[in-house]
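Trainee: Can you look at this prediction? I've put the sequence above it.
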Amino acid sequence: MKLPLSFYQRPDVVQIARDLLGKYLFTNIGGVLTGGRIVETEAYAHINDQACHSHLGRYTARTKIMYQAGGVAYTYLIYGRYVLFNIITNEEAKADAVLIRGLEPIEGISEMLLRRGLHQPARNLTGGPGLLTQALGITTQHYGTDLTGDLLWLEDRQEPVAEELVVASARVGIDYAGTDAALPWRFRVKGSPWTSPAR
DNA sequence: ACTCGGATGGTCT
DNA sequence: GACCATCCGAGTA
């Protein structure tokens, strides 16, 4: 069943990032259902985290959605080519987010292959934050989408991933964040071939 | 196996 | 004008 708003609106974004492992992410775009199982996430906190786009209350056209109550999508273009998909968490005005970085493809694989221009499922179908958005058809137009709706949503389909199968490590690509770059806020399912290749 | 650089465009100062 | 929560292909080994 769909994850309720109460899941997203909890205060601890790091715990939510951990809890999102094993949850299912779906899109129904153009009448086509695609989705899979989340195997890699990163937490971004509005306080004490220089890597977070809402650090120090930064409020711009891009970040304003982060200040909504949890349960909406935050999408943005990075490096002029890729769209990244985040889940906004916490209560209104507490601008936390979880970046989805890796997905095990489950539903609508032929459509995902088409969108990615591949012929066979492989790691680069959905293993990486800029790749899974392509496979699922997520674009910057999904900025602010309600995650309890019928376009883009998450489901709870299995037991939480066991603690011994969760790897926590430093987040990726945020050298600009100084000492906060070392926070172990990246979570992966141990042994999954569908996580991003980034170190 | 790995390192390195180019693509590419919105956002922010 | 600089930066960027990325990815891929080319080069070396």
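Mentor: Structure received.
Trainee: Could you pick out the residues of chain A near DNA strand B for me?
Mentor: For chain A, the residues in contact with DNA strand B (C-beta under 7 Å from any atom of the strand) are A:58, A:60-63, A:76-81, A:140. (Glycine included, C-beta is placed from N, CA and C.)
Trainee: Walk me through which strands whichever helix or strand A:T41 is part of pairs with, and which way each runs.
Mentor: In the assignment (DSSP states H and E), A:T41 maps to strand A:32-44. Paired strands of strand A:32-44, with direction, are strand A:24-29 (antiparallel), strand A:96-107 (antiparallel), strand A:186-189 (antiparallel) (DSSP bridges).
Trainee: In space, what's closest to the residue of chain A most remote from its centre - neighbours in sequence excluded?
Mentor: Computed with C-alpha atoms, centre = their mean, the maximum C-alpha offset from the centroid of chain A is found at A:H119, amounting to 25.0 Å. Distances taken as C-beta to C-beta, 6 or more residues apart in numbering put A:L113 closest to A:H119, at 6.7 Å, once the chain neighbours are dropped.
Trainee: Residues in contact with the strand or helix carrying that neighbour: which ones?
Mentor: Secondary structure from DSSP H and E places A:L113 in helix A:109-116. Residues from elsewhere that reach helix A:109-116 (C-beta atoms under 8 Å, 6 or more residues apart in numbering): A:32, A:34, A:105, A:119-121, A:124-126, A:131, A:134-137.
Trainee: quick one: average pLDDT of it?
Mentor: Averaging pLDDT along helix A:109-116 yields 98.
Trainee: Apart from its chain neighbours, what residue comes closest to the residue of chain A found nearest DNA strand C?
Mentor: Residue of chain A nearest DNA strand C, by C-beta to the nearest atom of the strand: A:G173 (2.1 Å). Of all residues beyond its chain neighbours, the one nearest A:G173 is A:A198 (6.9 Å), with distances taken as C-beta to C-beta, 6+ apart.
Trainee: if we can go back for a sec, only the buried subset of the contacts of helix A:109-116, as a ChimeraX command please.
Mentor: Of the contacts of helix A:109-116, the buried ones can be selected in ChimeraX as follows, counting by 16 or more other C-beta atoms under 10 Å:
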select /A:34,105,121,125,126,131,134,135,136,137
